[in-house]
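Asker: kindly return the folded structure for what I paste below:
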Amino acid sequence: MVLFVFLTIISVSLHWHNTDPDLNYPTLTFPAFFASTLGQFADRPALASIGSAPLTYRDVHQRILSVMALLEKLNIGPGDKVAILSSNMPNWGITYFAVTFMGAVAVPFLPEFLPSEILTLLEHSEAKAAFVSENLAYKLNGSSNGMLDAIVKIDEFSLISGPASVSFNLPAKPVRDYEVQEDDLAAIIYTSGTTGKPKGVMLSHRNICFTAVKGHEIQFIKETDRFLCILPLSHTYENTLGLILPMYRGACVYYLGKPPTPAVLMPALQEVRPTTILTVPLIIEKIYRSKILPAFTGNAFMRLLYKTPPIRKILNRIAGKKLLATFGGELTFFGIGGAKLNRSVEKFLIEARFPYAVGYGLTESAPLLAGFNPQQARLQSTGPACIGVDLKIVNPDPRSGEGEIWGKGPNVMKGYYKEPDLTSEVLTDDGWLKTGDLGSVDRTGYVFIKGRVKSMIVRSNGENVYPEDIESVINNFRHVIESVVLEKKGKLVALVHFNQEEIEQRYLHLKDEVANYADLKIEELRMELQQYVNARVNKFSQLQIVVAHADPFQKTATQKIKRFLYT
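Answerer: Here you go, the predicted structure:
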């Protein structure tokens, strides 16, 4: 330990990597991956909508070729940009593959983008055509303005606008042959990050395919696996690990077709009985706080039992079995990424023996940099660096070993589209990606994320305060949904979104006595919360002000709060 601290103090960075024992990858392009899968699993199910028979890989291949033929008729060729604005469905993946198989560039838009944002991004990306789902077509109304040569309704590949003589024909095949190289641009992903202005992340075939291979190395995927897709395909996390990875391994992906509300999700889980789900912390945290924790803390006797570690572990194990049954009973990989998982929730998952896994990365790394599978879980870690990826901690703190994480590997983006200055800010000349995340690594190579560099608060006495740590404590308090911790005029302020409906139900008996009973309970909770938090954090992280925030906080696609809106 002494030697470790000494080496930390005298170095400017800690650098570690996993060496790949086998560099004999397949050609890292989408067409090469698909051709390999088609040769092995042509008649296996590939893509499906809930309630419908799956398309086989042979079916998908025929549709890809026919969409490529349609794109040719629309004068789309290698290097051209094609936007995709669609809810999740099999035709999303088919379109994505058709565009990229011919060397064109897919430009997926998040469904929640506003029409004005979409117009800006269409102009910035110089997209020549757009594929849009029927439920989102209104966002393109009037936005083409001669900018787009064609708009195609992705649901059945019919033209909304474009040459009248062009139509989609399923038996059709492209006229040209296309050669796609590993370094060719495959997609421009516009992030709706926590810092404001969207940036177009340029990802090559190699970037994305390499990452899919890394995902398979973390969790072995076989052709009988069933993925249930609940995150937007336009986000790199779901796109790479929930579309390219199962395609690479011949597995099947099922799509809800609707937002993943409980009424939609529960029957889908029983129908599909998925083996693999990719999700974000918010989903499992909501389940834990709304369903599991109340069952163990509903009365004084149960609270007493739950505070006893041996009994708590038994109860959590029972709850874990029930939770697994809720997810269909055959789940082997419940991937969590996009934000940090709450410590208490993760502790429950470990004791429940629930098959969760955690990954870490960014859109700029397509997205995976580190991760572990359910057999390798370690509390509050994101696992070791992926094989073939280098990570280092730059300028580590001599006491904690924490510093900014930098990453390097075949998965690191080509840069930001049309933004050389922004690119140079995050990519070094020798290929290191500055993640903007603060973290450390233990002796076994496991990565621990502390928070974002930009969100870290430096107090007047020089102490570093990590808002995410305080928010984790706040979010464990009863009736709290989410929170944001900020510094304002030298004071630590917590904006807290309480569950108004839950409070009203819990204290309904006061309704006849006090007109604004819910507001009064929130005021009591606000004051109690401040004491609760300050008893559990160090003196530099204690809250001076707690403010009840009436509305949910605005979030990114992976449910991270857009902090810049509240500072």
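Asker: any idea how far stretch 380-391 is from the chain center?
Answerer: 17 Å (C-alpha atoms, centre = their mean, to the nearest Å).
Asker: mean confidence (pLDDT) on that stretch, please.
Answerer: Averaging pLDDT along stretch 380-391 gives 97.
Asker: now this structure, which segments are flagged as low pLDDT?
Answerer: 1-25, 142-145, 192-197, 461-462, 507-515, 517 (pLDDT under 70).
Asker: next, count neighbours for residue 249.
Answerer: 21 (other C-beta atoms under 10 Å). Using the backbone N, CA and C atoms, a C-beta is placed for each residue, glycine as well.
Asker: hmm, I typed the wrong one, I wanted residue 163.
Answerer: 12.
Asker: so it, which of the three states?
Answerer: Under DSSP: H, G, I helix; E, B strand; the rest coil, residue 163 falls in the coil class.
Asker: my read: it touches residue 74, true?
Answerer: Yes. Using C-beta atoms under 8 Å, residue 163 is in contact with residue 74, at 7.2 Å.
Asker: any shared contact partners between these two?
Answerer: residue 150 (C-beta atoms under 8 Å, 6 or more residues apart in numbering).
Asker: in what helix or strand does residue 524 lie?
Answerer: Per DSSP states H and E, residue 524 falls inside helix 517-534.
Asker: contacting residues around the next helix or strand after that helix?
Answerer: From helix 517-534 onward toward the C-terminus, using DSSP H and E, the following helix or strand is strand 545-548. Counting contacts by C-beta under 8 Å, 6+ apart, the residues outside strand 545-548 that touch it are 488, 491-498, 522-523, 526-527, 529-530, 533.
Asker: now strand 545-548 - C-alpha only, PDB.
Answerer: What follows is strand 545-548, C-alpha atoms only, in PDB (Å, rounded to 0.1, in the frame of the first residue of the first chain):
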ATOM      1  CA  ILE A 545     -30.400  24.800   1.700                       C
ATOM      2  CA  VAL A 546     -32.900  22.200   0.500                       C
ATOM      3  CA  VAL A 547     -35.500  23.400  -2.100                       C
ATOM      4  CA  ALA A 548     -38.500  21.300  -3.200                       C
END
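Asker: name every strand pairing with it and say which way it goes.
Answerer: Under the criterion DSSP bridges, strand 545-548 sits next to strand 491-498 (parallel) in its sheet.
Asker: the partner strand vs helix 517-534, what angle?
Answerer: Angle, strand 491-498 to helix 517-534, by axes from the mean of the first three to the mean of the last three C-alpha atoms, to 10 degrees: 130 degrees.
Asker: thinking again about what came up before, if any of the contacts of strand 545-548 are buried, put those into a ChimeraX selection.
Answerer: Buried residues among the contacts of strand 545-548 (16 or more other C-beta atoms under 10 Å), as a ChimeraX selection:
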select :492,493,494,495,496,497,498,522,526,529,530,533
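Asker: from the contacts of strand 545-548, pick the one nearest residue 453.
Answerer: Closest approach to residue 453 among those (C-beta to C-beta): residue 492, at 18.3 Å.
Asker: surely the closest one and residue 543 touch.
Answerer: Yes. At 5.1 Å, residue 492 counts as touching residue 543 under the criterion of C-beta under 8 Å.
Asker: need the residues touching each of these two.
Answerer: 470, 485.
Asker: ok, so of the contacts of strand 545-548, who is nearest residue 337?
Answerer: Closest to residue 337, out of all of the contacts of strand 545-548 and judged by C-beta to C-beta, is residue 497, at 22.9 Å.
Asker: list the beta-bridge partners for that closest one.
Answerer: Residues in beta-bridge contact with residue 497 (DSSP bridges): residue 482.
Asker: how much space between it and residue 141?
Answerer: 33 Å (C-beta to C-beta, to the nearest Å).
Asker: again, but for residue 149
Answerer: 17 Å.
Asker: counting neighbours, go ahead and name the busier of these two.
Answerer: More crowded of residue 149 and residue 141, by other C-beta under 10 Å: residue 149, with 17 against 10.
Asker: correct me, but that one touches residue 129?
Answerer: Yes. With contact defined as C-beta under 8 Å, residue 149 reaches residue 129; the gap is 5.6 Å.
Asker: overlap of the contact sets of those two?
Answerer: 74, 162.
Asker: show me what the helix holding residue 524 is packed against.
Answerer: Contacts defined by 3 or more C-beta pairs under 8 Å, 6 or more residues apart in numbering; DSSP states H and E place helix 517-534 against helix 467-474, strand 491-498, helix 500-506, strand 545-548.
Asker: redo the ones you listed as a markdown table? Include distance to residue 420.
Answerer: Formatted as a markdown table, those follow (distance: least, C-beta to C-beta, whole Å):
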| stretch | distance to residue 420 |
| --- | --- |
| helix 467-474 | 32 |
| strand 491-498 | 36 |
| helix 500-506 | 47 |
| strand 545-548 | 41 |
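Asker: between these, which one is nearest to residue 554?
Answerer: Short answer: strand 491-498, nearest of the helices and strands packed on helix 517-534 by C-beta to C-beta, at 11.3 Å.
Asker: residues in contact with that closest one: which ones?
Answerer: Contacts for strand 491-498 (C-beta under 8 Å, 6+ apart): 457, 465, 470-471, 474, 479-487, 522, 525-526, 529-530, 533, 541-553, 566.
Asker: can you pull the buried residues of stretch 544-553?
Answerer: For stretch 544-553, a neighbour-count test (16+ other C-beta under 10 Å) marks 546, 548, 549, 553 as buried.
Asker: tell me the gap between the strand or helix carrying residue 66 and the middle of its chain.
Answerer: Using DSSP H and E, residue 66 maps to helix 57-73. The chain centroid and the centroid of helix 57-73 are separated by 29 Å, computed with C-alpha atoms, centre = their mean.
Asker: after it, which helix or strand is next?
Answerer: strand 81-85.
Asker: which other helices and strands contact that following strand?
Answerer: Using 3+ C-beta pairs under 8 Å, 6+ apart: strand 81-85 touches helix 90-101, strand 105-108, helix 115-125, strand 127-132.
Asker: between those, which gets nearest to residue 421?
Answerer: Nearest of these (C-beta to C-beta): helix 115-125, 15.2 Å.
Asker: neighbouring contacts of that closest one?
Answerer: In contact with helix 115-125 (C-beta under 8 Å, 6+ apart) are residues 81, 83, 85, 107, 109, 113, 130, 138-141, 143, 147-148, 188, 190, 198, 200, 417-418.
Asker: just the angle between that helix and strand 127-132, please?
Answerer: Using the same axes, to 10 degrees, helix 115-125 lies at 140 degrees relative to strand 127-132.
Asker: wait, what's in contact with residue 502?
Answerer: Neighbours of residue 502 in contact, by C-beta under 8 Å, 6+ apart: residue 479.
Asker: which other helices and strands contact the helix or strand where residue 316 lies?
Answerer: Secondary structure assigned from DSSP H and E places residue 316 in helix 309-326. Packing contacts for helix 309-326, counted by 3+ C-beta pairs under 8 Å, 6+ apart, involve helix 293-297, helix 300-306, helix 343-352.
Asker: deepest of those, which one?
Answerer: Mean neighbour count (mean count of other C-beta atoms under 10 Å) peaks for helix 343-352 among the helices and strands packed on helix 309-326, with a mean of 19.
Asker: on contacts alone, who are the packing partners of that one?
Answerer: Helix 343-352 packs on helix 281-287, helix 309-326, going by 3+ C-beta pairs under 8 Å, 6+ apart.
Asker: buried residues in the helix holding residue 316?
Answerer: So, applying 16+ other C-beta under 10 Å, buried residues of helix 309-326: 312, 315, 316, 319, 320, 323, 324.
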